[in-house]
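A.B. asks: Just need the structure, nothing else, for what follows:
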Amino acid sequence: MLKVLEIDSTRSWFYNNLASVYFEQRRAKECEWAYLKAIQLDSTNPAPFCNLGNLFLQLQNFEKSEYYYRKGIVVDSAGSLNHSGLGILFMIMNRNQDAIFYLKNALRFDSTNLSAWVLLGIFI
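C.D. replies: Have a look, this model is predicted:
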């Protein structure tokens, strides 16, 4: 992966993929850096924002997690994954009404979002 960046370091998705590798290796600092680099190169892609939300959710930094999910929604208001991410975050925080709202939004934008269906089922 790093060889690819040596060849062409201008592509956002390279950094997004590199960050995913760091995420799996539990290398949080490197992961955050790579996602932020992906955003720097393409701030119109909602995926790295969602992925940062997921990273900070895993690290239990709920404030930062919410911040990045919301930034992803600003970038793509119809992006199901950032809405779903907020739903999961709010479930963990016992903010059930907010969780339901965002999980329903996720399904409104993508009716095939299985995790949103399953999680919403907890409340029904």
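A.B. asks: Next up, the contacts around the residue nearest the centre of the chain.
C.D. replies: Taking CA atoms, centre = their mean, the centroid of the chain lies closest to Cys50, which sits 1.5 Å from it. In this structure, Cys50 makes contact with Tyr68, Tyr69, Gly72, Gly79, Leu81, Asn82, Gly85, judged by CB atoms under 8 Å, 6 or more residues apart in numbering. C-beta: built from backbone N, CA, C; applies to glycine.
A.B. asks: What's the first helix or strand after the one helix or strand it maps to?
C.D. replies: Using DSSP states H and E, Cys50 maps to helix 47-58. For helix 47-58, the following helix or strand on the C-terminal side (DSSP H and E) is helix 62-75.
A.B. asks: Buried residues of that following helix, list them for me.
C.D. replies: Of all the residues in helix 62-75, those buried under the rule 16 or more other CB atoms under 10 Å are Lys64, Ser65, Glu66, Tyr68, Tyr69, Lys71, Gly72, Ile73, Val75.
A.B. asks: Give the buried residues for the one helix or strand Ile100 maps to.
C.D. replies: Element membership for Ile100 (DSSP H and E) is helix 96-109. Neighbour counts over helix 96-109 (16+ other CB under 10 Å) mark Asp98, Ala99, Ile100, Tyr102, Leu103, Asn105, Ala106, Leu107, Phe109 as buried.
A.B. asks: now what about it, what contacts it?
C.D. replies: 78-81, 83-84, 86-91, 113, 116-117, 119-120, 123.
A.B. asks: What's the PyMOL syntax to select whichever of these are buried?
C.D. replies: Of the contacts of helix 96-109, the buried ones can be selected in PyMOL as follows, counting by 16+ other CB under 10 Å:
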select buried, resi 79+80+81+83+84+86+87+88+89+90+91+113+116+119+120
